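K.L.:
What follows is a predicted structure for the sequence shown.
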Protein chains: 2
Amino acid sequence: MNRLDILGRFKALQDEIYEGLKAFDPLMMWQEDQWDRPGGGGGRSRAGKSGGVWEKGGVNFSDVHGDLNTALRAQLKTEASSFQATGVSLVLHPKNPHVPIVHMNVRHFRLDNGQEWFGGGMDLTPHYVEEEEAARFHAALKTICDQFDGDWYAAYKGLADDYFYLPHREETRGIGGIFFDELGALPGANLEQAFAFVQAVGSGFLSTYLPLVVRKMDHFVSPHHRDWQNMRRGRYVEFNLVHDRGTRFGLVSNGRAESILMSMPPQANWAYSHSPVEGSEEAFTQSQLKKGKDWIGES
Amino acid sequence: MNRLDILGRFKALQDEIYEGLKAFDPLMMWQEDQWDRPGGGGGRSRAGKSGGVWEKGGVNFSDVHGDLNTALRAQLKTEASSFQATGVSLVLHPKNPHVPIVHMNVRHFRLDNGQEWFGGGMDLTPHYVEEEEAARFHAALKTICDQFDGDWYAAYKGLADDYFYLPHREETRGIGGIFFDELGALPGANLEQAFAFVQAVGSGFLSTYLPLVVRKMDHFVSPHHRDWQNMRRGRYVEFNLVHDRGTRFGLVSNGRAESILMSMPPQANWAYSHSPVEGSEEAFTQSQLKKGKDWIGES
């Protein structure tokens, strides 16, 4: 693959999403940082806060390269000695607890042994699960996948279920989405198709997520809803700091901590042994955080 | 070592500290849970909340045993196939940002190959570092250590500096304290002395920490102080979920998540690229979060 082409498309994707978010929530205040990574490469972080719709979030572009240390070699299961990683990553934490947290990432990896591949995904973490919303989100992802291969949605939906899972809580992070990695890595694989797919996922983000935001951004919010939101955000923190490979890869590879941790919510709360009241909306949400749910079929 | 003796002393230590905390902060509401671990053993968790002095915290006793899986064998650097771990662990998150967070742990480990040892420590995480407070805390720890060996304070203070460190933030978690592990593990080592030492650390907790609480629990609190407290609590979360071996050991060894995560603060906040105003108390605190500071000498 042409490296400059990937760089150009990923940077343009960051711009496209950033402009879309700014137009949707003009109150959000953004800070852009261009940064260099000590070991090689750098990035362009755009972090937003205090919007009318989103309380905190970011859309980051990065293009880093460097030596693979022992920890990284183990994580990538390779004997290669250096890597190059280019990607766009976003997380948005809404103000209204009825609006779901969203995460999207597309990335390209290349090792000095010539191996290269694409990875990425998009997933939704509602504070309050609603079946209709989950069905809409998964249907939109299926439409994107189906343009490429009729089997991809089911496969990558399954990978997202497995990936966004907190074993110590025995619950999924949210309602999942799609997750894929090492696309085009096998000899003879179609790298061009993999590149086209991550572009479709990236440029499908706004049209997938924003309609879901519109449905609920003005829903009534009580202090009780806010408390539950902050508890769920605590689980989001637990997943990202304990399990998320991207976060751990970034911290271990001497990445820029502020950019990596832009995924943290503005606030998170913990209470000992909290469990929602039986029959409540919160209890319903808790009951839905399971792997293997067919969100589209159930709606 | 006599296992029942260790069990008895550790349980009594939990009682002693629990009763001390209850007497000091009668408003705090406690919940006790006796639990069994699926793989073997169990514990007695005591979690407190909504006190006048402490917003959240816990004093846990546990005595667990089971098989060592691959991850645990790697962490313990052993070929043994089963383990037994007994310990008392506490974390307290004060309401007043001027009062420091405290952590104390004592533990006994035994492997089925006959190896056994003690470990533990006590450390302080002020939201606002004050040299006088740091000097008092470290002097109290030195007094405990000096009863056993004149070299231990310096050695275990150094280990705490190394352990309670966030590489991605290039800062220590707080002002440190003492940290030690594998005490008495070497053939011919004095296990009785190691046991006496962890008991001295445990029963020295209340008299070390409470006088520091008294000095500041009624200090004036502004919303600004509260914001800073929640940012510092965010760093506490980062350390515990990304680095802390006890937390990771617990989660990997199928421990009881609620007991392990009782160390989480009631609330934590994250802001992108926050840095304190030059010359402020917050900037002073940030400047003090360094390894290798001689807190006693500087006061």
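P.N.:
Happy to help now that I have it.
K.L.:
Could you look up the SS state of residue A:66?
P.N.:
Here residue A:66 is strand, with the state taken from DSSP: H, G, I helix; E, B strand; the rest coil.
K.L.:
What is the burial count for it?
P.N.:
18 (other C-beta atoms under 10 Å in any protein chain shown). (Each C-beta comes from the backbone N, C-alpha and C, glycine too.)
K.L.:
quick one, what contacts it?
P.N.:
By C-beta atoms under 8 Å, 6 or more residues apart in numbering or on different chains, the contact set of residue A:66 is A:37, A:39, A:40, A:41, A:82, A:83, A:253, A:254.
K.L.:
List the beta-bridge partners for it.
P.N.:
residue A:83 (DSSP bridges).
K.L.:
Could you list the low-pLDDT ranges of the stretch 151-299 of chain A?
P.N.:
Low-confidence segments of the stretch 151-299 of chain A (pLDDT under 70): A:298-299.
K.L.:
and the nearest residue to residue A:270 once chain neighbours are set aside, what does it touch?
P.N.:
Distance criterion C-beta to C-beta, 6 or more residues apart in numbering or on different chains; nearest residue to residue A:270, sequence neighbours excluded, is residue B:264 at 3.8 Å. Residue B:264 makes contacts with A:234, A:270, B:56, B:237, B:240, as judged by C-beta under 8 Å, 6+ apart.
K.L.:
Now tell me what touches stretch A:5-22 from outside.
P.N.:
A:28, A:30, A:44, A:46, A:48, A:54, A:57, A:59-61, A:63, A:86-88, A:90, A:92, A:106, A:108, A:195, A:199, A:202-203, A:205-206, A:210.
K.L.:
Give me the pLDDT for whichever residue of the stretch 1-150 of chain A sits closest to chain B.
P.N.:
Relative to chain B, the nearest point of the stretch 1-150 of chain A is residue A:47 (3.9 Å; C-beta to the nearest C-beta). If you check residue A:47, the pLDDT there is 98.
K.L.:
Could you grab the helix/strand/coil label for it?
P.N.:
Secondary structure for residue A:47, judged by three-state DSSP, is strand.
K.L.:
Give the full set of residues in contact with it.
P.N.:
With contact set as C-beta under 8 Å, 6+ apart, residue A:47 has these partners: A:30, A:31, A:33, A:56, A:57, A:58, A:258, A:262, B:272, B:273.
K.L.:
Kindly report the residues of chain A close to chain B.
P.N.:
Residues of chain A found near chain B (C-beta under 8 Å from any C-beta of the partner chain) are A:31, A:33, A:47, A:49, A:56, A:58, A:167-169, A:230, A:234, A:237-238, A:241-242, A:248, A:251, A:257-258, A:260-262, A:264-273.
K.L.:
hmm, back to that, if you look at the contacts of residue A:47, which of them are in strands?
P.N.:
Using DSSP state E, the members of the contacts of residue A:47 that fall in strands are A:30, A:31, A:33, A:56, A:57, A:58.
K.L.:
neighbour-wise, which of those leads?
P.N.:
residue A:57 (28 neighbours).
K.L.:
circling back to that earlier point, between the contacts of residue B:264, which sits nearest residue B:143?
P.N.:
residue B:240 (28.0 Å; C-beta to C-beta).
K.L.:
what about the closest one, distance to chain A?
P.N.:
Distance from residue B:240 to chain A, counting by C-beta to the nearest C-beta, to the nearest Å: 9 Å.
K.L.:
my read is that residue is in a helix, agree?
P.N.:
Yes - looking at residue B:240 with three-state DSSP, it is inside a helix.
K.L.:
if you go through the stretch 151-299 of chain A in chain order, where are the helices?
P.N.:
With helices called from DSSP state H, counting those that start in this stretch, the stretch 151-299 of chain A shows them at A:152-163, A:191-203, A:205-216, A:223-238, A:245-252, A:257-260, A:281-288, A:295-298.
K.L.:
Name the residues of the last one that are buried.
P.N.:
For helix A:295-298, the neighbour count (16 or more other C-beta atoms under 10 Å in any protein chain shown) marks A:295, A:296 as buried.
K.L.:
What lies in contact with that helix?
P.N.:
Outside helix A:295-298, the residues that touch it by C-beta under 8 Å, 6+ apart are A:131, A:134, A:135, A:137, A:138, A:139, A:142, A:175, A:176.
K.L.:
again, 6 Å this time
P.N.:
Helix A:295-298 is contacted from outside by A:131, A:134, A:135, A:138, A:139, using C-beta atoms under 6 Å, 6 or more residues apart in numbering or on different chains.
K.L.:
List just the nearest of the residues you listed to residue A:122.
P.N.:
Distances from residue A:122 to the contacts of helix A:295-298, taken by C-beta to C-beta, are shortest for residue A:138, at 10.5 Å.
K.L.:
Please identify which helix or strand holds that closest one.
P.N.:
Element membership for residue A:138, per DSSP states H and E: helix A:131-146.
K.L.:
now that helix against helix A:152-163, angle please.
P.N.:
Per axes from the mean of the first three to the mean of the last three C-alpha atoms, to 10 degrees, the angle that helix A:131-146 makes with helix A:152-163 is 120 degrees.
K.L.:
contacting residues for residue A:89?
P.N.:
A:60, A:105.
K.L.:
per-residue pLDDT, it?
P.N.:
Model confidence at residue A:89, given as pLDDT, is 97.
K.L.:
ditto for residue A:78
P.N.:
Per the predicted model, pLDDT is 84 at residue A:78.
K.L.:
Nearest to residue A:217, out of the contacts of residue A:47: which one, please.
P.N.:
Among these, residue A:57 lies closest to residue A:217 (C-beta to C-beta), at 14.2 Å.
K.L.:
quick one, what contacts that closest one?
P.N.:
With contact set as C-beta under 6 Å, 6+ apart, residue A:57 has these partners: A:48, A:91, A:92, A:93.
K.L.:
partner residues bridging it?
P.N.:
residue A:48, residue A:92.
K.L.:
Read off the pLDDT value for it.
P.N.:
The model reports residue A:57 with a pLDDT of 98.
K.L.:
gap between it and residue A:267?
P.N.:
In this view, residue A:57 and residue A:267 are 13 Å apart by C-beta to C-beta, to the nearest Å.
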